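**Q** give me the fold of what follows.
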Amino acid sequence: DKVNGGKADSLNLGLNVAKCEFFCGIDADSLLESDALLRAVSVMLDHQVQSIASGGNICPVNGCDVELGSLDSIALPHKFLARLQSLEYIRSFMTGRIGWARMNLLLIISGAFGVFHRDRTIATGGYLTKSGKYHKDTVGEDMELVVRLSRYMRERRLPYRVQYASNANCWTEVPEKWKVLRRQRDRWHRGLIDILLFHSSMIGNPRYGRLGLIGMPYYFLFELLGPFVEAQGLLFVFIGALMGLINLPIALALFTSTILMGIMVSLSSLFISEFDRALYTNKDMLRLIWMAIIENFGVRQVISLWRVSAYFSAMRKNRGWGAQVRTGFKAASAQTKTK
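**A** Sure thing, here's the model as predicted:
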């Protein structure tokens, strides 16, 4: 028996006994579609340049029927927050990761489902743990590994690719309560802060090519500092409106254009995703379209404030994951089983 050393330590244990060229890391609350692993690996073999990592789509399993460890039927989650995350995941993967992968600047592969080159991962020291090569823990072990692998290859001037398989689907449980979602987003942003500080020498460094001049600066400016800028803007607009310092028609026009832009990005991601995968019914699509509208009025702002609060958690050196509440998979109904 092994003493519980956390997720990264457990993954390192699996890495130590792995024998093949690639290994796959998945979360315990996640399910892979039957061909997901094949699709994720196939994109790594299709290129003459060595692929060091590959990831697929992450989809909320909440609301789906699960039978004997496999998806029996796909449906949109019933709970409001889980539905919002369904749209959020679609937008993140379809508009973000495809583009970053095309430029070979993909720095995030979800810990729920990722395939990595075994020898390269071992050469970089495996997943980051306090007992490992760098004597450091992080709650963002998935992104940190991708950044470190990319850094390793760049420093040695070795050609490489980080791939994204848009047709490899992994279904995972997402939070359905505000408190649990807040802990998750706090942990994610603390992980981002930790990673960017640990690899700060890469930001703006031409030695790392596009990775140092585009990829890392993007995460620093827009992902790390973005919540601060948004929260500050909301605060200044509110104070300015109270003091009569803002032209309300112009402010309203700018606010409306921002909301419409957010809706447009969400809807385009949704339609592209559904055209590519066709997962949801027409009724579920209408629900997701509604989510694309209402998420801009309060929810997005609240999540930005949570990300700001993560800075204070990081300053308190809170390195824990927090309590993870799991509801478990929904079993297929008897009627479904007889079909």
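
**Q** looking at the chain, which residue lies furthest from center?
**A** Relative to the centre of the chain, and counting by C-alpha atoms, centre = their mean, the farthest-placed residue is G244 at 40.4 Å.

**Q** can you list the low-confidence ranges for the protein?
**A** For the chain, the stretches with pLDDT under 70 are 1-2, 318-328, 330-339.

**Q** pull the longest strand from it.
**A** strand 161-172 (DSSP state E).

**Q** which other helices and strands does that strand contact?
**A** The elements that strand 161-172 packs onto, with contact taken as 3 or more C-beta pairs under 8 Å, 6 or more residues apart in numbering; DSSP states H and E, are strand 30-32, helix 36-45, strand 51-60, helix 98-102, strand 113-117, helix 141-155, helix 248-277. Glycine gets a C-beta too; all of them are placed from N, C-alpha and C.

**Q** would you turn those into a markdown table with distance to G132 and mean neighbour count?
**A** Below are those laid out as a markdown table (distance: least, C-beta to C-beta, whole Å; neighbours: other C-beta atoms under 10 Å):
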| stretch | distance to G132 | mean neighbour count |
| --- | --- | --- |
| strand 30-32 | 24 | 21 |
| helix 36-45 | 25 | 19 |
| strand 51-60 | 18 | 26 |
| helix 98-102 | 27 | 15 |
| strand 113-117 | 16 | 25 |
| helix 141-155 | 11 | 21 |
| helix 248-277 | 37 | 14 |
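
**Q** with distance to M202 added, can I get those in CSV?
**A** As requested, these are exported to CSV (distance: least, C-beta to C-beta, whole Å):
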stretch, distance to M202
strand 30-32, 30
helix 36-45, 24
strand 51-60, 16
helix 98-102, 16
strand 113-117, 20
helix 141-155, 6
helix 248-277, 28
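
**Q** for V66, find the nearest of those.
**A** Closest approach to V66 among the helices and strands packed on strand 161-172 is made by strand 30-32 (6.7 Å; C-beta to C-beta).

**Q** quick one: contacts of the closest one?
**A** Contact with strand 30-32 is made by 26, 58, 61, 66, 69-71, 112-113, 169-173, 329, as judged by C-beta atoms under 8 Å, 6 or more residues apart in numbering.

**Q** helix, strand, or coil at the closest residue to W100 other than its chain neighbours?
**A** In space, and not counting its chain neighbours, W100 is closest to L106: 4.2 Å by C-beta to C-beta, 6 or more residues apart in numbering. Put simply, L106 is coil when judged by DSSP: H, G, I helix; E, B strand; the rest coil.

**Q** about what we covered before: can you name the element that comes right after the longest strand of the chain?
**A** Counting by DSSP states H and E, the element after strand 161-172 in chain order, helix or strand, is helix 178-198.

**Q** so that next one versus helix 141-155, what angle?
**A** Inter-element angle recorded for helix 178-198 and helix 141-155: 20 degrees (by axes from the mean of the first three to the mean of the last three C-alpha atoms, to 10 degrees).
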